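1. please work out how this folds:
(2 chains)
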Amino acid sequence: MIRLEKRPQPSRLWTAAAPLIAVVLTMLVGGIMFAALGKPPVEAIRTIFWDPLFNPQFAAYSRPQLLVKAGPLILIAIGLSLGFRAGIWNIGAEGQYIMGAVIGAGAGLALYPSESVLIFPMMVLAGALGGWAWAMIPAILKTRFGTNEILVSLMLVYVAESILASVSSGLLRNPEGMGFPGSRNLRQWEAASNQELIAGTGMHWGVVAAFIAVILAYVLLARHIQGFNIRLSGEAPRAARFSGVNPARIVILCLGIAGALAGLAGLFEVTGPAGQISIDFNSGYGFTAIIVAFLGRLHPVGILLAGLLMALTYIGGELAQLMLGVPGASIQLFQGMLLFFLLGVDVFTNYRIRIGQGVAA
Amino acid sequence: MGQPLLTLRGLTKAYPGVVANDDVSFEIGEGEIHALLGENGAGKSTLVKMIYGLVKPDAGAMTLRGQAFAPSQPAEARRAGVAMVFQHFSLFDALSVAENVALGMENSPRTRDLARQIRDVSEAYGLPLDPFRVVGTLSAGERQRVEIIRCLLQDPKLLIMDEPTSVLTPQEVTILFETLRKLRSEGTSILYISHKLEEIRALCDTATILRLGKRVATCTPAETTARALAEMMVGASFATPKARATTPGDVLLEVKALSLPAPGAFGTPLRDVSLQLRAGEVLGIGGVAGNGQDELLAALSGERLAPRGSVLLKGRDISRDGPVARRGQGLLSGPEERLGHAAAPNMSLVENGVLTAARRAGLVRRGFIDWRAAGAFADTVIKRFDVRTPSAQTAARALSGGNLQKFVIGREIVQDPDVLVVNQPTWGVDAAAAAAIRQALLDLAADGTGILVISQDLDELMEISDRFAALNEGRLSEARPVADLSIEKIGLMMGGAHDMEVAHETA
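-> Okay, the predicted model is just below:
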């Protein structure tokens, strides 16, 4: 008989090893999946994990993409991880991301075609505010009326998507776009564009913001009393109240930070890689960031690494579609597997397996 | 009464640091209501857990109707005809009565048939209950009926009831007693666990008294006075409460006519609670569990805010201050539940030190935690209170109950409070650690701190308190000097006069 026995305290070895083991298991099972699809498994795995970075033919294009994709994922995941640490489950980052982009871009476009240097900073601020305000809806409903933030934030994603569809073919539509949906191209408007900062690296302001967020989140959680209160609220809500933490304030704080960071990510995306507000500029980063947050163990540095890894599977996945003709859905399956194995392996952090007779007779 | 139903012989069970049951032997007759009487920590619950197959005895044996009886799990005990109603119910709020009952059965009949059975049993025993009601809408007394009916459907030979009246209103107690008497008349034996003396005198045929894990006596409660029962229960130490020579100083903490609604379905409202606590004195507050102890602590610690003007510290109104502000002014507290309330289980002792000492011990500067100072603080607590732990980085949940308790009480004492409020400071703690904690509290009082100890352990309160008051249904009796107290007076204070009269009429 196999049974799980609770460890007296979490194993440090397993905490560190779990993501690595999860990646290896994903590669193994993913390889089996590709084999079942009739694709060469080793080649498929290599195409996803190796070629984007080191194959001379693709690396020049793929490497910058790594930061372009990882930037928003990390920025959003950092915000989400604070809430998850406190036991506040914001599933609606996608909506906050969209609203940040819409409000930020809208604020800029209102002043088109100004060439003021203040346009871009103002848009960044508006983007953060947009995401923050969208996150305040579940926050206030939760603190005032006790609603479930999971449902409210998730449902608000669909509201945000509808707003996006509406404004991209209405309010923010490019008047010179010959009736096509989608806003003006912000990349072509210098004052509002989020340019690549160092040519050929993919580094743009969103990536810079992501790195700053990683550092600030690390300091907040490790050193600051608010970070301590966030962790305490997640670990033991009653103890947090006894300590003097106001649960409503933690909800407002965590959802607010997550919303603002997701809004920033949206704004940087829409002014940079995406270039314009369009019905489908959002590429599901808000949801993928949930995986990134957990894959990174809700730890800022872990999230940094996990964001890069997840970006790699995106890029490698596209490459595998192109080169080997694997179905696009298999890449999502791949990412899902990663989260699944991580959560599975995670059990061993707090439990150990005992095999054989052990139950008290 | 003929052959006994259940015979216990030499049952012994030791846990690390404490012998919960030491060579306990007695018999429960057929069709008898047998009381198991003892204070908290006397070993009552370990004993019934052994009978119900939840705990395996280290030594000793049981026989049920002459057959050897050694259940290794509750299912086995149930098959042998032993059923148990726990003090804390295991019911799902969202399901109906019938669905809840079905969940506990090994092969449950169809819901319609089960509902009919439930209705039959509930009518037969005078326990009105609608099988289709959702459990979440039931009162505590009705929930208990669900548990009782769940047991009765198994047609048990022995029904174990763990402090059944602690959650009941007096009217519900009357109904319950009628049900139990009816069961007895049909030949079912009942093992009735309680520490309410008058209740036992009114209901039970025989009583076995446990103290510190040992059987002290078996007697007929109706022929024994409450005083005699109490003396057997609490032992000789009770007879000589030492009057400590203290000269109480100024009033530090004053509670004036504090009333607070119950926090939840199982909570107790506080009704018109008033008290005064002076410098250098220990005020003990006793009472049966669930009579407002947690609620009083929360109202004093600041976890729940009180109406303006009801809580004063050194003459200042602190009713609307949260825990942080109250700590800042010198009012510290220690809740009953160690894991999850006083301490965060998965966090280290250093972090658990920060939990209450962040500001008062100067561990936070401009919002940033000084982890070196926090580590030093935790080490101070560990050293001064002899907390056995590999290091200050160990997770709180890895410590034994006694060691963690020393840490969470020590954490407050090290912060040098003006007023310290603790709930059950030595609950579930081995004797040596308990003595250390009590001594630390007395030392603190000697230095001029006002200490309020809420406890269900009367011995403890008599040992360390200068004055004593009791909580009963959220009301606090007037505090009296311990030296003037007798067991009758304490019983009256704890049970309330009303309960006593009812019990006397039926006795």
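2. going forward, measure contacts and count neighbours with C-alpha atoms only.
-> Fine.
3. and residue 126, what pLDDT?
-> By default, I'm working from chain A. pLDDT, A:Ala126: 97.
4. try again with chain B
-> Looking at B:Gly126, its pLDDT stands at 82.
5. need the contact list for the nearest residue to it once chain neighbours are set aside.
-> Spatial nearest neighbour of B:Gly126, chain neighbours left out: B:Thr179 (6.4 Å); criterion: CA to CA, 6 or more residues apart in numbering or on different chains. Contact analysis of B:Thr179 by CA atoms under 8 Å, 6 or more residues apart in numbering or on different chains lists B:Tyr125, B:Gly126, B:Leu127.
6. of the residues you listed, grab the buried ones for PyMOL.
-> Burial among those is assessed by 16 or more other CA atoms under 10 Å in any protein chain shown; the matching PyMOL selection reads:
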select buried, chain B and resi 125+127
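7. contact residues of the stretch 201-350 of chain A facing chain B?
-> Taking CA under 8 Å from any CA of the partner chain as the contact definition, the stretch 201-350 of chain A meets chain B at A:223-226, A:232, A:235-244.
8. quick check: the farthest pair among those residues?
-> Greatest spacing in these, by CA to CA: A:Arg223 and A:Arg238 (22.0 Å).
9. neighbour count winner among these two?
-> A:Arg238 (22 against 17; other CA atoms under 10 Å in any protein chain shown).
10. surely that one and B:Gly340 touch.
-> Yes. A:Arg238 is within contact range of B:Gly340, at 6.2 Å (criterion: CA atoms under 8 Å).
11. near chain A, which residues of the stretch 201-350 of chain B?
-> B:301-303, B:322-324, B:340-347.
12. using TSV, lay out those residues together with neighbour count and pLDDT.
-> Shown next, in TSV, are these (neighbours: other CA atoms under 10 Å in any protein chain shown; pLDDT from 0 to 100):
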residue	neighbour count	pLDDT
B:Ser301	28	95
B:Gly302	27	95
B:Glu303	23	94
B:Gly322	23	94
B:Pro323	27	95
B:Val324	22	95
B:Gly340	18	91
B:His341	19	93
B:Ala342	27	95
B:Ala343	34	96
B:Ala344	27	95
B:Pro345	21	92
B:Asn346	21	90
B:Met347	21	94
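13. the closest residue in space to A:Trp14 that isn't next to it in sequence is in what secondary structure piece?
-> Among residues not flanking A:Trp14 along the chain, A:Thr349 sits closest, at 5.1 Å (CA to CA, 6+ apart). Following DSSP states H and E, the helix or strand that holds A:Thr349 is helix A:328-350.
14. can you give the contact residues for that helix?
-> Contacts of helix A:328-350 (CA under 8 Å, 6+ apart): A:6-7, A:9-15, A:18-19, A:21-23, A:25-26, A:30, A:291, A:294-295, A:310, A:313-314, A:317-318, A:321.
15. quick check: mean pLDDT of it?
-> For helix A:328-350, mean pLDDT is 85.
16. roughly how far is it from the heart of the chain?
-> Helix A:328-350 sits 16 Å away from the centroid of its parent chain (CA atoms, centre = their mean, to the nearest Å).
17. with stretch B:419-426 instead?
-> 14 Å.
18. average pLDDT for it, rounded please.
-> In this model, stretch B:419-426 has an average pLDDT of 93.
19. so does that stretch get close to chain A?
-> No. Stretch B:419-426 does not reach chain A (CA under 8 Å from any CA); its nearest approach is 12.9 Å.
20. could I get the buried residue list for that stretch?
-> Neighbour counts over stretch B:419-426 (16+ other CA under 10 Å) mark B:Val419, B:Leu420, B:Val421, B:Val422, B:Asn423, B:Gln424, B:Pro425, B:Thr426 as buried.
21. the residues you listed in strands, which ones?
-> Among the buried residues of stretch B:419-426, DSSP state E puts B:Val419, B:Leu420, B:Val421, B:Val422, B:Asn423 in strands.
22. and the third one, what does it touch?
-> Taking CA under 8 Å, 6+ apart as the criterion, B:Val421 is in contact with B:Leu297, B:Leu300, B:Ser301, B:Leu331, B:Leu332, B:Ser333, B:Gly334, B:Ile451, B:Leu452, B:Val453, B:Ile454.
23. and the third one, how close does it get to B:Thr356?
-> From B:Ser301 across to B:Thr356, the span is 11 Å (CA to CA, to the nearest Å).
24. cool, the last one as well?
-> From B:Ile454 across to B:Thr356, the span is 20 Å (CA to CA).
25. and for A:Pro181?
-> Distance, A:Pro181 to B:Thr356, using CA to CA: 57 Å.
26. who has more neighbours out of these two?
-> A count of neighbours by other CA under 10 Å puts B:Thr356 above the other of A:Pro181 and B:Thr356, at 27 against 20.
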